[in-house]
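Trainee: here's a sequence, model it:
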Amino acid sequence: MPRGWLLAISIGALLLVACSTSSDVAPQSEEAASQSSQQDAAAATDTSNQKNAQDNSTGATRAESPSPTAQPDSVSPPGRVERPAGGRLVRLFSDPPTLDPHITTDSTSAVIVNEVFGGLVTITPDIVIAPDLAEDWDISPDGKVFTFRLRQDAKFHDGRPVVAEDFRWSLERAADPLTESPVADLYLSDVIGVADKLNGKAETIQGLRVIDERTLELTIDAPKSYFLAKLTYPTAFVVDRKNVEGNKNNWVFEPNGTGPFRLERYDIGETILLGRNENYHLGPPFLDEVEFILSGGDPMLMYENDEIHVTGLGLADLERVQDPANPLRNELATAPPGFSVSFIGM
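Mentor: This next block holds a predicted model:
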């Protein structure tokens, strides 16, 4: 197929991106594989998708949230850039360890989870906390009570409206010892009562309250400027109770999420196919579909054979691709810096 620019999505290295004038590939867009407002492409790197309050959804390091006295009228959803829509993005990937947002701890799972599910707030490519399913929120003068108001147009993929009770049940599930979330303590324990529930000392979360159908209140143990950033992590995402309880063992293969893409198909070891959610509350994504090839292969060879549309570039191929006589040189892009946290044991 004819080559050109599509989009630059990688983990902060050199990469090749291919494009076509045909309908199987979307036009150039910095957000082409995702909703313009929330996450980068489903094909985007772990950096742009994880929405992790520590690093990095699917995302970059977590932004510091508004101060405890910040007012919700200063918060606005990410702007949507008008771009041509349509086409399919194909990339090489690997099987995610889980598609359950409440037990997601790895960046591979987060790439998919952040496109299928969502939470009260999100983080923009500019590392700013922004509304997602909550249209706005208030923070009490003492910085400990957060009152979220849900969007009226927020819906699950099946069209059912998302209400405050959905978030209450989801957060209770994430903190339930039976869920065995490895990260609920890290991301939710600022909320009063979460630690007690995780330890089996309470059946409900004390600091979690449904005020009405569209209003949810969270009370934390002390003012913390980073609390909202923690809520961008998948542990705080909403899931559909009926969907989860209707098929407890396999619901993640047919999830009823709220994100910009639906999980259309997941064949373990073969492929994951995401389809556009036309009714996404922040505006439908630009791409029709994103295909993840899970069966393995040589990424550089697959790219040159037009089997995938983006790949990283290793040192072994760098000199060859940088040769002015090589047509691939025009497809070479430098990805933006990635963010990560590493620990060295002493």
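Trainee: which parts of stretch 144-154 are buried?
Mentor: Within stretch 144-154, the residues that qualify as buried are 144-151, 154, counting by 16 or more other Cβ atoms under 10 Å. For every residue, glycine as well, the C-beta is placed using N, CA and C.
Trainee: my read: Gln322 touches Asn330, true?
Mentor: No. Using Cβ atoms under 8 Å, Gln322 is not in contact with Asn330, being 11.2 Å away.
Trainee: which of the buried residues of stretch 144-154 fall in helices?
Mentor: Among the buried residues of stretch 144-154, no member is found in helices (DSSP state H).
Trainee: show me the domain layout of the chain.
Mentor: Here the domain parsing of the chain from the TED database is 83-100+259-345, 118-233+242-256.
Trainee: list the residues that contact Pro182.
Mentor: Pro182 makes contact with 103, 105 under the criterion Cβ atoms under 8 Å, 6 or more residues apart in numbering.
Trainee: confirm that it sits in a strand.
Mentor: No. With DSSP: H, G, I helix; E, B strand; the rest coil as the criterion, Pro182 is located in coil rather than a strand.
Trainee: so it versus Pro97, what's the distance?
Mentor: From Pro182 across to Pro97, the span is 11 Å (Cβ to Cβ, to the nearest Å).
Trainee: ok, now Asp288?
Mentor: For Asp288, the distance to Pro97 equals 27 Å [Cβ to Cβ].
Trainee: wait, Ser181 touches Ser170, no?
Mentor: No. Counting by Cβ under 8 Å, Ser181 does not reach Ser170; the two are 11.5 Å apart.
Trainee: so what's in contact with the two at the same time?
Mentor: With contacts taken as Cβ under 8 Å, 6+ apart, the residues that reach both Ser181 and Ser170 are His102.
Trainee: in terms of helices and strands, where is Pro125?
Mentor: Under DSSP states H and E, no helix or strand contains Pro125.
Trainee: swap that for Tyr266, sorry
Mentor: Using DSSP H and E, Tyr266 falls within strand 261-267.
Trainee: would you give the sheet partners of that strand, along with the direction of each?
Mentor: Partners of strand 261-267 in the sheet, by DSSP bridges, are strand 271-276 (antiparallel).
Trainee: show me what secondary structure element comes after the partner strand.
Mentor: Once the chain leaves strand 271-276, the next helix or strand it forms, by DSSP H and E, is strand 289-293.
Trainee: and Asn330, how many residues sit next to it?
Mentor: Other residues near Asn330 number 12, with proximity taken as other Cβ atoms under 10 Å.
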